[in-house]
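Visitor: structure for this input, please:
(one chain, ligands or ions: 2)
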Amino acid sequence: MQPKKDVDAKPYVVRVLELPTHRRFEIGPALVGEWLKGMPMRDVLGAPDPDPDAGDGIAELDLYADPTHVFASGTFDGKFRVACSRCVEPMAIEIHEKLRVTFMPASEMPDDDADAATEGEDGEEVPADDLDVFPFDGERVDLEPLFREQFVLSLPYAPLCREDCKGLCPQCGIDRNSASCTCEKPIDPRLAPLAGLKLPS
Ligand SMILES: [Zn+2]
Ligand SMILES: [Zn+2]
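Guide: Ligands and ions are numbered 1, 2, ... in the order given. Predicted coordinates:
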């Protein structure tokens, strides 16, 4: 038995004794902003901290148990704000996922580090589909790592506000989606000495 901690007060903790149950969980912008901290396409927005527009999410889950496992299935819908990787304007990313997750005793996890699902690993012993398996202590499951992953894994490497975003002018920095400039392509530096020359005709 672990000493009684404040874990019961956490909003995303469900006790096995309450199962089976259907629960709806709401995730607010303060937590979403916290989870996305350190991600370049998020940090570049320079959003306030906490950011009331960081994003939010709703999980609708059926939770049930067998003698040693807890299962969660349902849906996760959310959205969050990042910067477009071309024009750096804020854009929304939407999440619509079906969840099927198994919580198993840490000792049964392919890697028996109880924090395997929440801490960065060196990659070798992490289960192939580590999104779907989380450890738990036999008494309560904490859904927060699951919800966090929905946001973190939904962020593409190079988010685009739209497929054909024109991005910023590399010379003057103007947003070419909403304005135009007269900048010309930079001259290949190898040809620059010739640029001012008029060829004799
Ligand atoms: Zn863009
Ligand atoms: Zn320009």
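Visitor: please name the nearest non-neighbouring residue to residue 94.
Guide: Counting by C-beta to C-beta, 6 or more residues apart in numbering, residue 79 is the residue found nearest to residue 94 once chain neighbours are left out, at 4.9 Å. The C-beta positions use only the backbone N, C-alpha and C, and glycine is treated the same way.
Visitor: does that neighbour sit in a helix, a strand or a coil?
Guide: Secondary structure, DSSP: H, G, I helix; E, B strand; the rest coil: residue 79 is strand.
Visitor: up against ligand 1, what does the protein have?
Guide: Within the chain, the residues that sit near ligand 1 (C-beta under 5 Å from the ion) are 84, 86, 87, 161, 165.
Visitor: which two from these end up farthest apart in space?
Guide: Using C-beta to C-beta, the two most remote members of the residues of the chain next to ligand 1 are 86 and 161, lying 7.5 Å apart.
Visitor: other SSEs contacting the helix ranked longest in the chain?
Guide: Across the chain, the longest stretch assigned as helix under DSSP state H is helix 144-152. Packing partners of helix 144-152 (3 or more C-beta pairs under 8 Å, 6 or more residues apart in numbering; DSSP states H and E): helix 29-35, strand 55-65, strand 70-83, strand 90-105.
Visitor: now the very next helix or strand once past the last one - C-alpha only, PDB.
Guide: Once the chain leaves strand 90-105, the next helix or strand it forms, by DSSP states H and E, is strand 133-136. In PDB, the C-alpha atoms belonging to strand 133-136 read as follows (Å, rounded to 0.1, in the frame of the first residue of the first chain):
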ATOM      1  CA  VAL A 133      -0.800   0.900 -22.600                       C
ATOM      2  CA  PHE A 134      -0.300   2.800 -19.400                       C
ATOM      3  CA  PRO A 135       0.800   1.600 -15.900                       C
ATOM      4  CA  PHE A 136      -1.400   1.900 -12.800                       C
END
